[in-house]
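Peer 1: Can you look at this prediction? I've put the sequence above it.
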Amino acid sequence: MQDVFFVFYGYGLGKFPVARVPAAIISQKEERIMVQRILLVAICVGLFSITGVSAAELSYSCDVRQGFNFEKDAQDLVGHINYLKIGGKEFKADLAVTDPENAQGDPVKVFGVLSSMFWKGGYSDPLQFSGQISTENKKMLATLLHQTMTNTKVEISFTIYDYDPDEKKYYKAFHSDGQKLQGLIQKSGGELNLALDMDQSQMVVSPKNYTLSAGVMPEDKQQAIQIAVSVSDKFAKQFGVTVGN
């Protein structure tokens, strides 16, 4: 018998011992499922101090190649920005991608393919994300960035999918449940947290795509983000809080 230290950086956790189990009988997939369920319990009971990192923090690193060119035998995280509006300008959902929950179905159209998303988990904390967008949307966003942005309101809908090795299928792990979350572009040091790389990304060369990074603060209204750590283990967390009447 020996200490088995589970590593779960995907959700912002470090190494911590959770059991004494013979390492030989624990596969990587089993290890991941055990930690996911431990994390779910930790979040639900409000444990927030494991190795000095908030257990509520959620960090997802998505596979851009899998997002653009889905392979049913792969089991990597996949993320989509389904919808985005900034400053009253609605961007086009013009990237055709595979829905991981329905890989045999018709392609779905999304605004962007996520490479990462991070949320500290507090109702007033910003969503921070990076993703790949089309040439057309890059042009629209570049034009917006060169203007004085007096309107920084945002509407965003997103879905991150993870793979459940027990059920052998993908599920929605972090998402807005089809709703358009309302927020504002985050400000940092007086600057808007909104950036566009004008050079074409080389992670996937076809279709041509460009990297967008942004932070979104919640509006002063109660909204919800849906979270799951398996097909069956699901819960919701508050995003934003209603102020006034």
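Peer 2: Looks like it came in fine.
Peer 1: show me what contacts the spatially most central residue of the chain?
Peer 2: If you average the C-alpha coordinates of the chain and look for the closest C-alpha using CA atoms, centre = their mean, you land on Met117, 3.8 Å from that point. Contacts of Met117 were listed using CB atoms under 8 Å, 6 or more residues apart in numbering, and they are 58-60, 62, 79, 127-130, 158, 160, 174. Yep, even glycine has a C-beta here, placed from its N, CA and C like the rest.
Peer 1: mind saving the C-alpha coords of stretch 226-244 as PDB?
Peer 2: This file holds the C-alpha atoms of stretch 226-244, laid out as PDB (Å, rounded to 0.1, in the frame of the first residue of the first chain):
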ATOM      1  CA  GLN A 226     -24.200  25.000 -15.100                       C
ATOM      2  CA  ILE A 227     -21.400  22.600 -14.000                       C
ATOM      3  CA  ALA A 228     -21.000  18.800 -14.200                       C
ATOM      4  CA  VAL A 229     -18.200  16.400 -13.400                       C
ATOM      5  CA  SER A 230     -19.900  13.400 -15.000                       C
ATOM      6  CA  VAL A 231     -23.000  12.600 -17.000                       C
ATOM      7  CA  SER A 232     -25.000  12.300 -13.800                       C
ATOM      8  CA  ASP A 233     -23.200  14.600 -11.300                       C
ATOM      9  CA  LYS A 234     -24.500  18.100 -12.000                       C
ATOM     10  CA  PHE A 235     -25.200  21.400 -10.200                       C
ATOM     11  CA  ALA A 236     -25.500  25.100 -10.800                       C
ATOM     12  CA  LYS A 237     -23.600  28.200  -9.400                       C
ATOM     13  CA  GLN A 238     -24.700  31.800  -9.300                       C
ATOM     14  CA  PHE A 239     -23.200  34.300 -11.700                       C
ATOM     15  CA  GLY A 240     -24.000  37.900 -10.800                       C
ATOM     16  CA  VAL A 241     -26.300  39.300  -8.100                       C
ATOM     17  CA  THR A 242     -29.400  41.400  -8.400                       C
ATOM     18  CA  VAL A 243     -28.800  45.000  -7.100                       C
ATOM     19  CA  GLY A 244     -31.700  47.100  -6.000                       C
END
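Peer 1: re the thing from before, and the residue nearest to the centre of the chain, what element?
Peer 2: Using DSSP states H and E, the secondary-structure element containing Met117 is strand 112-119.
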